[in-house]
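>>> coords please:
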Amino acid sequence: MPPVMEMIRIILATIIGLGLAIYTIWASLRNKASKYAFGGAVHALMGNDQYADIRYKKALEFDPMHFEALYYMARRHAGQREFSQSVSCYEKCLRQRPDDPNILFKLGAVFYDMNHIESAADLWKKFIEKSGNEPNIRMVKGLLEKIEKGEQEILSAPEFLNNFKWHEEGFGESRRIVIFLIVFAVEFFLLFTFLI
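Modelled structure (predicted):
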C-alpha cells in the first residue's frame, strides 16, 4: 500500500476511534442534565469556576434534583457565604443520600458558620457513624471536643485552617472524570497501536 494511502487509512481510523470514544462517553451520560453536569465537573476540575457554574445551573434547569449539580452549587454558595442557598442545596442532596459523609460534614460546617451549633454537632456525630475515612473522623472528633469545651469560631481558627485537609469520600465527580479520560486514552492508545 502506498505511503499516502497508509497515512489516510491511519488518519481515518484514528478519527473513527476518537469519535467512538467520545460517543461512548457522551452516551453513557443518562440525559441532558448529566451531560451539563459532566461539563461542569470538567470545568471545575480545571479551575474554570465561571463556566462550571453555568453548566451546573443548566443541569439544574433540566433536573432540579440532579445530585452532582446540587452538591456543587451547595459548595459554591457556602464558599460565597450564601448560607441559606447552600443549606437548601445540601438538604436536597441529603434527602437523596441520607448517609453520605461528605454532605453530613459540609452541611454541618454550614450550620456551624450560621451559629446553629447543635445542628452542626448532630450532623457531625452522624458523620462519624457513616464515614470510613480515619483522618476525617479524627478531625471531626476534634471539632466536637472543642464544641463541648465551649470554644468559639472553631472552623475559622488559624490552627484549624492551617491543618485542614478534607478527603472527599466515595466516588465523586473528579474521579468519574478521570475514569472517562483514562477510557478515552486507552481507546486512543489501542487504536493507535493496532494501526501502526
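
>>> I'd like to check what contacts stretch 142-157. Which residues are they?
Here stretch 142-157 makes contact (Cβ atoms under 8 Å, 6 or more residues apart in numbering) with 109, 112, 113, 117, 120, 121, 124, 125, 128, 160, 161. Any C-beta I mention is one placed from the backbone N, CA and C, and that applies to glycine too.

>>> Would you mind listing the two of the residues you listed that lie farthest apart?
Across these, the longest distance by Cβ to Cβ is 22.6 Å; it joins 125 and 161.

>>> In terms of neighbours, single out the busier of the two.
A direct count of neighbours by other Cβ atoms under 10 Å for residue 125 and residue 161 places residue 125 higher, at 14 against 9.

>>> any idea how far the more buried one is from residue 78?
20 Å (Cβ to Cβ, to the nearest Å).

>>> Give me the neighbour count for the nearest residue to residue 140 once chain neighbours are set aside.
Spatial nearest neighbour of residue 140, excluding adjacent residues (Cβ to Cβ, 6 or more residues apart in numbering): residue 124 at 5.0 Å. The local packing of residue 124 (other Cβ under 10 Å) involves 23 other residues.

>>> got it, and residue 53?
Counted with other Cβ under 10 Å, the neighbours of residue 53 add up to 16.

>>> For residue 108, list the residues it contacts.
Residue 108 makes contact with 119, 120, 121, 122, 123, 124, 127 under the criterion Cβ under 8 Å, 6+ apart.

>>> which residues of this structure fall in helices?
Taking DSSP state H as the criterion, the chain carries its helices at 3-28, 32-46, 49-62, 67-79, 83-96, 101-113, 117-130, 134-148, 158-163, 173-195.

>>> Let me know which of those helices is tucked in deepest.
Counting by mean count of other Cβ atoms under 10 Å, helix 101-113 has the highest mean neighbour count of those, with a mean of 23.

>>> residue contacts, the residue nearest to residue 140?
Contacts for residue 124 (Cβ under 8 Å, 6+ apart) come out as 104, 105, 108, 140, 143, 144.
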